[in-house]
Every structure is written in structure tokens, then in C-alpha cells.
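Novice: quick check, what structure comes out for this input:
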Amino acid sequence: LTHTDTRRLFTETQRLAMIARDGGCTFPGCDTPPAWTQAHHVIDHANGGPTTIANGALVCGHHHRHHQRQGWHSVIKDGRPAWLPPPWLDPRQHPRRNARVEPE
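Specialist: As a prediction, the model looks like this:
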């Protein structure tokens, strides 16, 4: 699929690819398994973010609903999802990954 794709919902094939890459919720410290996650647009679909694996990340319902309010933002770094903590937690906003996929 191209970046001009206008679909909002990820396909089952895209979700399976994200399960293989992410292994569950990508938020740091979360151990929610893949079956209980939602596909999240790293660049919001409403802001032109494509519905592609390269712009997707698996996130549990809690982190999907609350990450912005808590000051976290998702990014893709080296082809994989990472999270930028709020400035009050880390003034340098060093990208963090879930240790399940990248041990610290």
C-alpha cells in the first residue's frame, strides 16, 4: 500500500505483521499481549498519517486512550515503534521502547 492510502482501519494482514514485530503493547513497561492490543497510527490518520505498518504500533486500550493526556508521543525509530516521554519526566525526551522487544 502507498502513503496515499486513505483507509483508517488497519487490515488483518497489517496487524499480523505488527504482532510479529511488536509482540504486544509497545508502551514501555506494558505487558499486554497482542490479542488485547489495538493498532495505533504513529502519525495520526486525521493529520495525514497513512494506515501502513511503517506508521503503526500495537498499543493496549489503556495506553491508546491515555498516552497523549499523560504527555507521551509515539515515534518510529529505526523501523520500530518507540515512545517519547513528557519533558517533565525526561527533559531530553529520549525515545523508549518496551523491554520485551529491546531490553534496556
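
Novice: now this protein, which segments are flagged as low pLDDT?
Specialist: Residues of the chain meeting the criterion pLDDT under 70: 1-6, 101-104.

Novice: can you give me the helices for it?
Specialist: 12-22, 61-66 (DSSP state H).

Novice: I'd like those as a markdown table, with mean neighbour count and distance to G79 appended.
Specialist: For every residue, glycine as well, the C-beta is placed using N, CA and C. A markdown table is the format used below for those (neighbours: other Cβ atoms under 10 Å; distance: least, Cβ to Cβ, whole Å):
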| stretch | mean neighbour count | distance to G79 |
| --- | --- | --- |
| helix 12-22 | 15 | 8 |
| helix 61-66 | 15 | 21 |
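
Novice: how about those helices in a markdown table, adding distance to D90?
Specialist: Shown next, in a markdown table, are these (distance: least, Cβ to Cβ, whole Å):
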| stretch | distance to D90 |
| --- | --- |
| helix 12-22 | 22 |
| helix 61-66 | 17 |
